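In: just the structure for this:
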Amino acid sequence: ALQDTKTMNVTIEDAGPCRKVLKFEIPKETIESEFEKKTLEVCGTVELPGFRKGYSPRKLVEKRFGTQIKDEVKQSVVNESYQKALEEHKISPVGDPKFSEIKMESGQPLNFDVTLEVWPLFDVDHYKSLSLKRKSAAVMNEDVENALQSMSLRKAQMTVVKDGGVKQGNQVICDCKVEVENACVWEDDDVEVTVVNGAVVAHTTISDLVARMEGIKSGEVCTIDAQLSNNFPHAEYRGKPAKLKLTIKEIKQLVPPPVNEDFARMMGLDSLEELRSNVRKQIEADKKNWSDEVLKNQLLDILLEQVKFELPQDLVNHHTEQRVYKHQMDLYKRGVPLDEIQKQTETIKNASSDSVMRELKASLILDKVAEKEKVFITENEVENRIAEIARAYNTDRARVRKQLERQGSLSYLRNEMRESKVINLLLNEAKITDE
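Out: Presented below is the predicted three-dimensional model:
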């Protein structure tokens, strides 16, 4: 262990919210003592040519291993001084410390700085008997009917429209010609076009396609004036005004099945009454979860408003970068073009930063309440939670535990369970009125 740590000089300066700079000065006597100790240790263990182990002349040892001894002394003095300062001043760093350049010169004290972030200091006093308003989770008949109609739409099939014209949402099969200055410059047969605003026709986005095509019947020609896009196949016509001529060959529309007994059997149930009952139960569960989530967010909003503190910026940046990366990967998997993802990055980053700060502050506040109320999670509770996860994924708990340990996620699971316990405690003690 490092000797003479009591004689080291440490000054601590605030360098912003949750950021401190520790300035060290280690006396030259401490450095010399450590160098002497390390040199004697090497002399006693090294074996140089022509000398028995432990009997090599000191001058030869210093000449051969002097630089290595100096580096090891510097490293051990710096590390032990830093750890000793953290213990003596009860500092809990967040993340990795940043050390200044460290130069150790013979006959001189060793000076270096360490910049680090620390957890914020705050207290939580008023967290019991909070006034909250619970949103209604009542399920109306209209909710059930709307859900059934949505289910019916998901089972809808395309049917050819024999009479009548094009309507919004229809799909049309047409032959397409593009004319520039009365000359046909591009054509394609049997083109499928979905009649919605913003649809692409002939590589060109038509913002008001519904108004242009509505009412057109099979066999008729729909002429659309448009400016050709930069994606048009023939570069010489890009950006030029053109006429898109669509000869309608077939009109199709989505026709959902009627919500009746046959539909219920299509959904795997015996009757329409049973289907309605199942849908109502699902809506009730969803609305209850929504109402509980709103109540939880009200609780957190009150706590966050009462307790004000800054967060370590490096910690926020780290979590924000993780959130942004995950969001970008989600967009990429959904097929969003890379250039579009890049355009959204700054917006995603700002939104993620705000969300991360809220989550981190809420987590720290709940942790403080847990300390005050002596809320903890037992190993038995952790095992029960692991068993729940195993059942949900139809696997065994040993495999789930092994995966959590491999990912280093067990501590996150315990923390999540502890926070949930605290929230339930505060909700049980809150004054809740129904809206």
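In: from now on I want contacts and neighbour counts done on CA atoms only, so please keep to that.
Out: Fine.
In: three-state assignment of the closest residue to K421 other than its chain neighbours?
Out: In space, and not counting its chain neighbours, K421 is closest to V375: 7.4 Å by C-alpha to C-alpha, 6 or more residues apart in numbering. At V375 the chain is in coil, as set by DSSP: H, G, I helix; E, B strand; the rest coil.
In: need the contact list for V375.
Out: Neighbouring residues of V375 by C-alpha atoms under 8 Å, 6 or more residues apart in numbering: R418, K421, V422.
In: for L404, what are its contacts?
Out: Taking C-alpha under 8 Å, 6+ apart, we find L404 in contact with L410.
In: any idea how far N289 is from it?
Out: For L404, the distance to N289 equals 26 Å [C-alpha to C-alpha, to the nearest Å].
In: same thing with L410?
Out: In terms of C-alpha to C-alpha, L410 sits 25 Å off from N289.
In: next: V73.
Out: Distance from V73 to N289, by C-alpha to C-alpha: 60 Å.
In: which one of the two is surrounded by more residues?
Out: Set side by side, V73 and N289 show more neighbours around V73, with 23 against 13, by other C-alpha atoms under 10 Å.
In: wait, that one touches S33, no?
Out: No: the pair V73 / S33 is not scored as a contact, 9.8 Å apart, by C-alpha atoms under 8 Å.
In: find the nearest non-adjacent residue to I341, please.
Out: I341's closest residue in space is Q328 (C-alpha to C-alpha, 6+ apart), at 6.6 Å.
In: same question for V221.
Out: T247 (4.4 Å).
In: may I have the phi/psi pair for that neighbour?
Out: phi -90, psi 110 (degrees, to the nearest 10).
In: could I get the pLDDT score of the residue nearest the centre of the chain?
Out: Nearest to the mean C-alpha position of the chain, by C-alpha atoms, centre = their mean, lies R323 at 3.0 Å. On pLDDT, R323 comes in at 82.
In: kindly provide the distance from it to S277.
Out: Per C-alpha to C-alpha, R323 is found 39 Å from S277.
In: likewise for R154?
Out: Distance of R154 to S277, given as C-alpha to C-alpha: 19 Å.
In: what residue of this structure is the furthest out?
Out: Distance-from-mean max, the chain, by C-alpha atoms, centre = their mean: G50 at 63.7 Å.
In: okay, that residue: pLDDT?
Out: Listed pLDDT for G50 reads 78.
In: 37 is where my numbering starts, stick with that
Out: Done: numbering now begins at 37, and the last item shifts to G86.
In: helix/strand/coil for D261?
Out: Once three-state DSSP is applied, D261 turns out strand.
In: number of nearby residues for it?
Out: Neighbourhood size, D261 [other C-alpha under 10 Å]: 14.
In: cool, and A235?
Out: Residues lying near A235 (other C-alpha under 10 Å) number 16.
In: got a list of what it touches?
Out: Neighbours of A235 in contact, by C-alpha under 8 Å, 6+ apart: V229, T241, I242, S243, L245.
In: try it again at 10 Å.
Out: V229, T241, I242, S243, D244, L245, V246 (C-alpha atoms under 10 Å, 6 or more residues apart in numbering).
In: which single one of the residues you listed is nearest to L374?
Out: T241 (19.8 Å; C-alpha to C-alpha).
In: isn't the closest one up against Q263?
Out: Yes: with contact defined as C-alpha atoms under 10 Å, T241 counts as touching Q263 (9.2 Å).
In: where's L347 relative to A406, distance?
Out: Taking C-alpha to C-alpha as the measure, L347 falls 19 Å from A406.
In: can you show me the helices along the stretch 187-336 of the chain?
Out: Residue ranges of the helices in the stretch 187-336 of the chain, as given by DSSP state H, counting those that start in this stretch, are 245-249, 297-302, 308-342.
In: circling back to that earlier point, is the residue nearest to V257 in contact with V229, as I believe?
Out: No: in this structure T283 lies outside contact range of V229 using C-alpha under 10 Å: 11.7 Å.
In: any common contacting residues for these two?
Out: Both T283 and V229 are contacted by V208, I209, C210, under the criterion C-alpha under 10 Å, 6+ apart.
In: any idea what the second one is bridged to?
Out: Beta-bridge pairing of I209 under DSSP bridges involves E228, E286.
In: list the contacts of it.
Out: Applying C-alpha under 10 Å, 6+ apart to I209 gives the contacts 225-230, 254, 282-288.
In: same check on the first one?
Out: Contacts here follow C-alpha under 10 Å, 6+ apart; on that basis V208 touches 196-197, 202, 226-231, 249, 254, 282-289.
In: what about burial for these, which qualify?
Out: Buried members of the contacts of V208, counted by 16 or more other C-alpha atoms under 10 Å: 197, 202, 227, 229-231, 249, 254, 282-289.
In: any low-confidence regions in the stretch 37-186 of the chain?
Out: Flagging of the stretch 37-186 of the chain using pLDDT under 70 yields the residue ranges 37-43.
In: mind listing the strands for it?
Out: 45-50, 55-62, 129-135, 146-154, 167-170 (DSSP state E, counting those that start in this stretch).
In: dump those strands into CSV; add distance to V436 and mean neighbour count as well.
Out: Shown next, in CSV, are these (distance: least, C-alpha to C-alpha, whole Å; neighbours: other C-alpha atoms under 10 Å):
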stretch, distance to V436, mean neighbour count
strand 45-50, 44, 14
strand 55-62, 38, 19
strand 129-135, 28, 13
strand 146-154, 34, 19
strand 167-170, 36, 16
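In: the ones you listed into CSV, with extra columns for distance to A426?
Out: Shown next, in CSV, are these (distance: least, C-alpha to C-alpha, whole Å):
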stretch, distance to A426
strand 45-50, 47
strand 55-62, 42
strand 129-135, 33
strand 146-154, 37
strand 167-170, 33
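In: what's the distance between G255 and L282?
Out: Distance from G255 to L282, by C-alpha to C-alpha: 10 Å.
In: oh sorry, the question was meant for D328
Out: Counting by C-alpha to C-alpha - D328 and L282 are separated by 53 Å.
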